[in-house]
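Peer 1: mind looking at a prediction? Sequence and model below.
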Amino acid sequence: MVQPPPFRDVTVGQLLTRLSASLPDHEAVVYADRQLRWTFRELEQEARLVARGLVAVGVATGDRVAVWATNVPEWIVLQFALAKVGAILVTVNTSLRAREIEYVLRQSEASTVFTIAGFKGVDYVDELRSAGALTPDHLPHLRRVIYIGDPCPEGLTPYGRLRTLGEAVSEAALDGVEAGVNVDDVINMQYTSGTTGFPKGVMLSSRNIVNNGYWLGDTLGFTPQDRLCLCVPLFHCFGCVVGVLGAFTRGACLCPVEFFDPRRVLETIERERCTALYGVPTMFLAELEDAAFDRCDVSSLRTGIMAGALCPEPLMRRVMDRMHLPEMTILYGLTEASPGLTQTRRDAEIAERTQTVGRVLPETALRVVDPHTGADVAPGADGELWASGYAVMKGYYKMPEATAAAITHDGWLKTGDQASIDEAGRVRITGRIKDIIIRGGENISPKEIEDVLRDHPAIADASVYAVASKFFGEEVAAALRLKPDATIEPHEAQAFCRERLARHKTPRFITIVEAFPLTASGKVQKFRLRERHEAALRQ
């Protein structure tokens with residue numbers, strides 16, 4: 001008897017095989033603008049063909065293979081094809097440049113890199129050339145660069161050749177390779193930046209990410225009847241774990257958007273009758289503010305995940321009401337935790353969805369500790385959030401000291417986030433320990449000030465950050481994005497804050513911006529705001 005979904009405790013490769021057996025004719029991936037619709041059987045066949053091609057060109061179990069691309073169909077195929085041969089998928093941020101991609105390829109010791117033409121005006125082939133990826137022996141572990149697209153530039157291997165070469169490798173040979181892949185083997189590696197040092201490669205296993213997707217999909221109530229509009233980047237855990245595996249562990253269909261564009265998101269939801277939508281708050285705001293919003297039918301939506309930052313209550317109300325998302329949830333996590341640690345329920349009160357990040361997910365434990373002593377703090381008190389359980393990463397690749405600093409000897413992951421947990425188990429993220437502004441010895445949480453600024457009727461969004469001060473050490477600064485046709489002077493925003501906050505928390509510097517500098521996953525780059533402030537002072 002064929003077991004139906006949901007699935008857990010399987011490898012990423014086995015997950016697709018089970019879906020192919022249980023839901024062979026069910027739509028798995030839909031790119032309607034490409035006229036591409038794969039059933040689970042067809043996706044399994046494609047992933048197996050590409051996996052056989054990987055074997056043919058010499059990609060071996062344990063090899064690190066980088067994928068530098070937007071949400072193209074090949075990305076999803078490779079996620080499963082690489083897993084079937086036991087190769088480790090190294091996800092690459094789409095906004096990197098030559099120096100950064102060279103570091104990732106060198107530090108990960110990648111044998112192979114897949115790439116597309118480029119994104120947002122950046123030519124990836126030129127960047128790889130500048131990084132020395134096309135120069136023999138410059139990156140000693142790199143054996144091949146495979147190009148997704150047509151025509152293929154000289155010196156690169158066309159992706160289509162993998163499919164051709166795969167035909168010469170038997171299905172039995174692939175089965176033999178896949179049989180040696182264990183659920184606890186490292187299968188995914190994502191680079192995450194800290195406040196100091198170079199980016200670190202977070203090593204995640206199939207047990208880490210498949211089971212995390214299983215529990216996230218459980219909270220959302222996903223079934224094979226659900227269709228997820230996936231517009232967050234696949235290179236991020238939000239895309240390839242919360243998105244792909246969260247849906248697939250439950251047999252739901254993916255309707256990816258190749259890169260975030262609010263109009264394309266709305267059109268995809270309407271065309272495919274999507275029932276779920278993911279994003280960071282800035283994405284939902286962009287969708288609501290798009291000129292086509294009132295013309296698009298999004299009434300098929302019911303649930304989704306908002307992550308990356310807490311959602312202000314006015315925005316959450318608009319998302320729930322105007323976007324037909326009454327079951328919207330908030331997710332908190334970090335790459336080192338595969339990524340999800342807490343989530344709000346689909347039926348949670350709006351206060352819980354906007355003032356907390358929900359409760360701990362099953363099979364995970366949380367503590368709030370004094371970051372200096374490691375001792376537990378009282379319920380409701382602030383401290384550093386620690387987590388343990390299946391979701392904790394295997395470690396940072398070839399960085400044992402950084403791993404030891406992040407994970408205690410008894411398996412607790414130090415998140416670096418300041419949090420509290422109330423008597424009901426609700427978690428509040430009150431700041432980032434390393435992001436806390438220390439002004440004249442006073443600790444200031446940027447989030448507290450951002451929440452106040454967002455309450456102003458003219459302000460659509462706010463980002464608060466520290467700038468250097470000779471007198472106080474650090475001073476508070478804020479960048480504001482205004483609502484359409486709204487105006488406000490910096491001194492008015494300061495007066496608004498003074499009425500609601502202690503004087504030392506009122507931003508000393510305020511700038512009005514049209515848009516925040518964002519990462520490819522939609523998070524505000526506060527260091528860029530700080531750089532702009534410092535540059536303005538030098539003029």
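Peer 2: Cool, the structure landed. Numbering: from 1, shown residues only.

Peer 1: contacts only, for the closest residue in space to residue 387 that isn't next to it in sequence.
Peer 2: In this structure, residue 387 finds its nearest non-sequential neighbour in residue 413, 4.8 Å apart by Cβ to Cβ, 6 or more residues apart in numbering. Any C-beta I mention is one placed from the backbone N, CA and C, and that applies to glycine too. Residue 413 makes contact with 336, 337, 386, 387, 388, 392, 393, 406, 407, according to Cβ atoms under 8 Å, 6 or more residues apart in numbering.

Peer 1: and if we set it to 10 Å?
Peer 2: 334, 336-337, 341, 364, 385-389, 391-393, 406-407 (Cβ atoms under 10 Å, 6 or more residues apart in numbering).

Peer 1: just residue 252 next, same as before
Peer 2: Contacts for residue 252 (Cβ under 10 Å, 6+ apart) come out as 5, 26-28, 217, 220, 222-228, 246, 275-276.

Peer 1: out of those, who has the most neighbours?
Peer 2: For the contacts of residue 252, the largest neighbour count, defined by other Cβ atoms under 10 Å, is 32 neighbours, found at residue 246.

Peer 1: wait, a helix at it?
Peer 2: Yes. Assessed with DSSP: H, G, I helix; E, B strand; the rest coil, residue 246 lies in a helix.

Peer 1: that older thread, could you report the distance from the residue nearest to residue 387 to residue 404?
Peer 2: To residue 404, residue 413 is 12 Å away according to Cβ to Cβ, to the nearest Å.

Peer 1: likewise residue 107?
Peer 2: 18 Å.

Peer 1: so between these two, which is more surrounded?
Peer 2: Of the pair residue 107 and residue 404, residue 107 is the one with more neighbours under other Cβ under 10 Å, namely 18 against 12.

Peer 1: contacts only, for the more buried one.
Peer 2: Here residue 107 is in contact with 64, 90, 191, 198, 199, 200, 201, 397, 398, 399 (Cβ under 10 Å, 6+ apart).

Peer 1: what of residue 327?
Peer 2: By Cβ under 10 Å, 6+ apart, the residues touching residue 327 are 219-221, 275-276, 301-304, 320, 344-348.

Peer 1: residues near residue 135, how many?
Peer 2: 12.

Peer 1: give me the element it is part of.
Peer 2: If you go by DSSP states H and E, residue 135 is not part of any helix or strand.

Peer 1: any idea how far it lies from residue 528?
Peer 2: Relative to residue 528, and taking Cβ to Cβ, residue 135 is found at 31 Å.

Peer 1: same thing with residue 176?
Peer 2: From residue 176 to residue 528 the distance is 49 Å (Cβ to Cβ).

Peer 1: tell me which of the two has more neighbours.
Peer 2: Neighbour comparison, residue 176 and residue 528: the larger count goes to residue 528, with 16 against 11 (by other Cβ under 10 Å).

Peer 1: just checking, the more buried one is part of a helix?
Peer 2: Yes. Assessed by three-state DSSP, residue 528 belongs to a helix.

Peer 1: helices and strands of this structure: which one has the lowest mean pLDDT?
Peer 2: Among the helices and strands of the chain, strand 442-444 carries the lowest confidence by mean pLDDT, DSSP states H and E, at a mean of 73.

Peer 1: the next helix or strand after it - contacts with which helices or strands?
Peer 2: Sequence-wise, the next helix or strand downstream of strand 442-444 (DSSP H and E) is helix 446-454. Helix 446-454 sits against helix 313-322, strand 427-432, strand 459-469, strand 473-482, helix 490-498, with contacts defined as 3 or more Cβ pairs under 10 Å, 6 or more residues apart in numbering; DSSP states H and E.

Peer 1: extract the C-alpha trace of helix 446-454 and format it as PDB.
Peer 2: What follows is helix 446-454 as a C-alpha-only set of coordinates in PDB (Å, rounded to 0.1, in the frame of the first residue of the first chain):
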ATOM      1  CA  PRO A 446      15.500  49.600  17.700                       C
ATOM      2  CA  LYS A 447      12.300  47.600  17.500                       C
ATOM      3  CA  GLU A 448      10.600  49.600  20.300                       C
ATOM      4  CA  ILE A 449      11.200  52.800  18.400                       C
ATOM      5  CA  GLU A 450      10.200  51.400  15.000                       C
ATOM      6  CA  ASP A 451       6.900  50.300  16.500                       C
ATOM      7  CA  VAL A 452       6.100  53.800  17.700                       C
ATOM      8  CA  LEU A 453       7.100  55.400  14.400                       C
ATOM      9  CA  ARG A 454       4.900  53.000  12.400                       C
END
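
Peer 1: now it, how far from the centre of its chain.
Peer 2: Centroid separation for helix 446-454 versus its chain: 23 Å, with Cα atoms, centre = their mean, to the nearest Å.

Peer 1: do stretch 218-227 as well
Peer 2: Distance, centroid of stretch 218-227 to centroid of chain: 20 Å (Cα atoms, centre = their mean).

Peer 1: ends of that stretch, how far apart?
Peer 2: Start-to-end span of stretch 218-227 (Cα to Cα, to the nearest Å) is 15 Å.

Peer 1: for beta bridges, what are the partners of the residue nearest to residue 387?
Peer 2: For residue 413, the beta-bridge partners under DSSP bridges are residue 387, residue 407.

Peer 1: quick one: it and residue 337, what's the gap?
Peer 2: 6 Å.

Peer 1: overlap of the contact sets of these two?
Peer 2: Common contacts of residue 413 and residue 337 (Cβ under 10 Å, 6+ apart): 364, 387, 388, 389, 391, 392, 393.

Peer 1: out of those residues, who's the most crowded?
Peer 2: Greatest neighbour count in these, by other Cβ under 10 Å, goes to residue 393: 27 neighbours.

Peer 1: my guess is that one meets residue 336, correct?
Peer 2: Yes. Using Cβ atoms under 10 Å, residue 393 is in contact with residue 336, at 4.6 Å.

Peer 1: picking up where we left off before, ok, so of the contacts of residue 413, who is nearest residue 445?
Peer 2: The shortest gap between residue 445 and any of the contacts of residue 413 belongs to residue 385, at 14.2 Å (Cβ to Cβ).

Peer 1: in a strand, the closest one, correct?
Peer 2: Yes. Assessed by three-state DSSP, residue 385 belongs to a strand.

Peer 1: burial check on it, number of neighbours?
Peer 2: Neighbours of residue 385 (other Cβ under 10 Å): 29.

Peer 1: on the three-state scheme, the nearest residue to it once chain neighbours are set aside is what?
Peer 2: Excluding its sequence neighbours, the residue lying closest to residue 385 (Cβ to Cβ, 6+ apart) is residue 419, at 4.0 Å. Of the three states, residue 419 takes strand under three-state DSSP.

Peer 1: re the thing from before, so which of the shared contacts of residue 413 and residue 337 belong to strands?
Peer 2: The strands, defined by DSSP state E, take in 364, 387, 388, 389 from the shared contacts of residue 413 and residue 337.

Peer 1: which one of the residues you listed is nearest to residue 464?
Peer 2: Of all those, residue 464 sits closest to residue 387, with 26.2 Å by Cβ to Cβ.

Peer 1: only whichever of the contacts of residue 107 are buried, select them in ChimeraX.
Peer 2: Here is the ChimeraX selection string for the buried members of those, based on 16 or more other Cβ atoms under 10 Å:
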select :64,90,191,199,200,201,397,399
